[in-house]
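Participant: One predicted model, sequence on top.
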Amino acid sequence: MEAKTKDLWVFIETNEDGSPKKVGLELLNPGRDLATKQGGKLVGVVIGNNVAEAVEQAGIYGADQVIVIEGPEYQQFTTDAYVNALTYVVEKYGPTTVMIGATPNGRDLGPRFSSRLRTGLTADCTSLDIDEETGNVAWTRPAFGGNLMATIMCPDHRPQCGTVRPGVFKKPEAGENKAEIIKEDYHVAPEDIRTCILETIEDAAGEMVDLEGADVIVSGGRGMGGPEGFNTTLKPLADLLGGVVGASRAAVDSGWIAHAHQVGQTGKTVGPKLYIACGISGAIQHVAGMSSSDCIVAINKDEDANIFNIADYGVVGDLYEVVPALTDEIKKLKEA
Amino acid sequence: MNILVCVKQVPDTTQIKIDPVKHTLIREGVPAILNPFDGYALEAAARIKDKNPDTKIVVVTMGPPQAVAVLKECVAIAADKGYLVTGRTFGGSDTLATSYILSHAIKKIEETEGAFDAIFCGKQAIDGDTAQVGPEIAEWLGLPQVTYGLECEAVEGGLKVQKEAENGKQIIGIKFPCLVTFTKPSFDPRYPTIKRKLAANRAKFEQLGDDFDSTMDKAHYGLAGSPTHVKKSFTPPVKQGGIKIKEETGAESAAKLAKILTDNGII
Ligand SMILES: Cc1cc2nc3c(=O)[nH]c(=O)nc-3n(C[C@H](O)[C@H](O)[C@H](O)COP(=O)(O)OP(=O)(O)OC[C@H]3O[C@@H](n4cnc5c(N)ncnc54)[C@H](O)[C@@H]3O)c2cc1C
Ligand SMILES: Nc1ncnc2c1ncn2[C@@H]1O[C@H](COP(=O)(O)O)[C@@H](O)[C@H]1O
């Protein structure tokens, strides 16, 4: 496809209630910068049902224009409805760049959409820039389980597309909403949606957790020694800090906690403000999933554990002594 | 049922070390393994076959000739047949180009094996971690897709796939033919039996070379046919270890940490 504009588009993913997911708003931050360098507008694309809130927020966080596609068929994410809708507007307006949050739905939608347009997509980026020489977006992402970073460009195809990891960028400052709203009346026929959600199993048993959206994660590894400590030792600290409990694969594989809690290459990639790793050695596959956390605290008995190499604050000691004491201390400081 | 599983040989990224001087990956001596997620996809197929014994499982891999090792491994685990797609002109392909080649290979293999009801992929390959090839194959072939599958069940005319969703799980209904990518379920793939291992050692695998399909457009594969290009690669800057806290007792360390975290406005 030929680009018709120099505009940069950010896909603002919505929840079922029409509110925006955090990552879409986060992407407006680097998006503003790149759009300015590319000499085009910053455009938010919102697909969903009753999405007034997402549209409003996109404007507040800096979009010059918001393109909206609404309909009951978009209430829940389906690959077919979303890919058809996104492809329609992208072909109509011809942006030069499209950024999508690397959420589960974003990573389902992204490659399907980009391949329909026969263009390139860089997955799960953690840093973004404009290549001075060519003006292309330089997408940087981890590979080989975080052992290597690669900077990738898409020089001859448009739009250039990438999925970007949640939690890497901060939301921009809220400002005055000056966005121009464009409503597109585009609908997908029921027979063109080829999957059907038969059942949604909500996280009643506390099995699922929103690791990607959490500001604080308290994670336990093999050093927990068993399942009990997750509830009796880590959970109280996580609750106190308004966070959630995570885990290493060793803990998950031991059956101490559900896979949904796993952080790392074969688990979730997270970027909280605070990550507290308890009894985790810091294997590269674990680190790959949490190294972009703002502040990393490690608690480990073994002074030479790898996790200390990436921790901002490392406590050498037994987690069963340190964590409860830490919880008490923080309680005291908060009350004081 | 007729199921195709796409598998890839990848370096065991747990064994990769960084050269401390040159800051490059040391790949020598790193074992090549079956991409773990592809093992889960194969297990999902095997579980369908457990219930529906007339199911046929075919595996395909694209890679250098030695990638035949993962085909053998898959036959030892559960596959009935395997195909190797290998050609010099395929080298340098990005995910879009790889999926283009694989989608043509799948059409070719269907001439021998019959149409596939379902194509299974891993969620992602652990060397690139892109998670793009599965959905891209689905697009080239015009198939509906489900990603992040955990397990699935064959029902009349299609599949019921349990998938990981953001705040829970979902059961998705999808009709044949379709493509599903799999993430880590709560179980591991089965171990090969001795009997299957022996059979795998004897197995012969058909190769699809550079010219297996003359209708393929060079503009869509290989380095030149790939829309994305790696501009540079580098090892991530090593973060200097921060402040170590090691007081007399755990409680004292905890108190010190709590103070630092509060003083710095982290909590
Ligand atoms: C393909 C592949 C993918 C993988 N994906 C992931 C992934 O997504 N996530 C992941 O986490 N791993 C993953 N792994 C596994 C990874 O390589 C490590 O095996 C795993 O992370 C180790 O977990 P751990 O740190 O909890 O256990 P260990 O390495 O056994 O470390 C336990 C630590 O606890 C400390 N300890 C013990 N008792 C105490 C105590 N009382 N107080 C304080 N400290 C204590 C020990 O000193 C030790 O450092 C993957 C591996 C492979 C091959
Ligand atoms: N070269 C290949 N040969 C066969 N299947 C592949 C190949 N590359 C990727 N795949 C399949 O696509 C999935 C996703 O790979 P990726 O997009 O590279 O992360 C893998 O888990 C495989 O099922």
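Facilitator: Everything's here; your move. Ligands and ions are numbered 1, 2, ... in the order given.

Participant: At which residues are the helices of the stretch 101-250 of chain B located?
Facilitator: Assigned helices in the stretch 101-250 of chain B, in chain order: B:133-141, B:194-202, B:250-263 (criterion: DSSP state H, counting those that start in this stretch).

Participant: Give the buried residues for the longest one.
Facilitator: Residues B:250-258, B:260-261 are the ones in helix B:250-263 that count as buried (16 or more other C-beta atoms under 10 Å in any protein chain shown). C-beta: built from backbone N, CA, C; applies to glycine.

Participant: What about chain A: which of the residues you listed touch it?
Facilitator: Near chain A, judged by C-beta under 8 Å from any C-beta of the partner chain, the entries from these are B:250-251, B:253-255, B:257-258, B:260-261.

Participant: Redo these as JSON lines? Include distance to ligand 1 and pLDDT.
Facilitator: Output for those, formatted as JSON lines (distance: C-beta to the nearest ligand atom, whole Å; pLDDT from 0 to 100):
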{"residue": "B:Gly250", "distance to ligand 1": "9", "pLDDT": "94"}
{"residue": "B:Ala251", "distance to ligand 1": "14", "pLDDT": "95"}
{"residue": "B:Ser253", "distance to ligand 1": "11", "pLDDT": "96"}
{"residue": "B:Ala254", "distance to ligand 1": "12", "pLDDT": "96"}
{"residue": "B:Ala255", "distance to ligand 1": "17", "pLDDT": "96"}
{"residue": "B:Leu257", "distance to ligand 1": "14", "pLDDT": "96"}
{"residue": "B:Ala258", "distance to ligand 1": "17", "pLDDT": "96"}
{"residue": "B:Ile260", "distance to ligand 1": "19", "pLDDT": "95"}
{"residue": "B:Leu261", "distance to ligand 1": "18", "pLDDT": "95"}
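
Participant: Ok, which of the helices of the stretch 101-250 of chain B comes nearest A:Ala214?
Facilitator: Smallest distance to A:Ala214 across the helices of the stretch 101-250 of chain B (C-beta to C-beta): 16.6 Å, for helix B:250-263.

Participant: Based on its surroundings, how many neighbours for the residue in chain B positioned nearest to ligand 2?
Facilitator: Residue of chain B nearest ligand 2, by C-beta to the nearest ligand atom: B:Gly122 (2.5 Å). Residues near B:Gly122, counting by other C-beta atoms under 10 Å in any protein chain shown, number 27.

Participant: Check A:Arg141 too.
Facilitator: A:Arg141, neighbours per other C-beta under 10 Å, totals 24.

Participant: With adjacent residues omitted, what lies nearest to the one residue in the stretch 151-267 of chain B that gets nearest to ligand 1?
Facilitator: Closest to ligand 1 within the stretch 151-267 of chain B is B:Lys184: 8.4 Å, counting by C-beta to the nearest ligand atom. Nearest residue to B:Lys184 in three dimensions, chain neighbours excluded: A:Thr266, at 5.2 Å (C-beta to C-beta, 6 or more residues apart in numbering or on different chains).

Participant: same deal with A:Ala305?
Facilitator: A:Ala305 sits nearest to A:Ser281 (C-beta to C-beta, 6+ apart), 5.1 Å away.

Participant: Would you agree that neighbour is in contact with A:Asn306?
Facilitator: Yes. Contact status for A:Ser281 versus A:Asn306: in contact at 6.0 Å, counting by C-beta atoms under 8 Å.

Participant: That's all I had, so thanks and see you.
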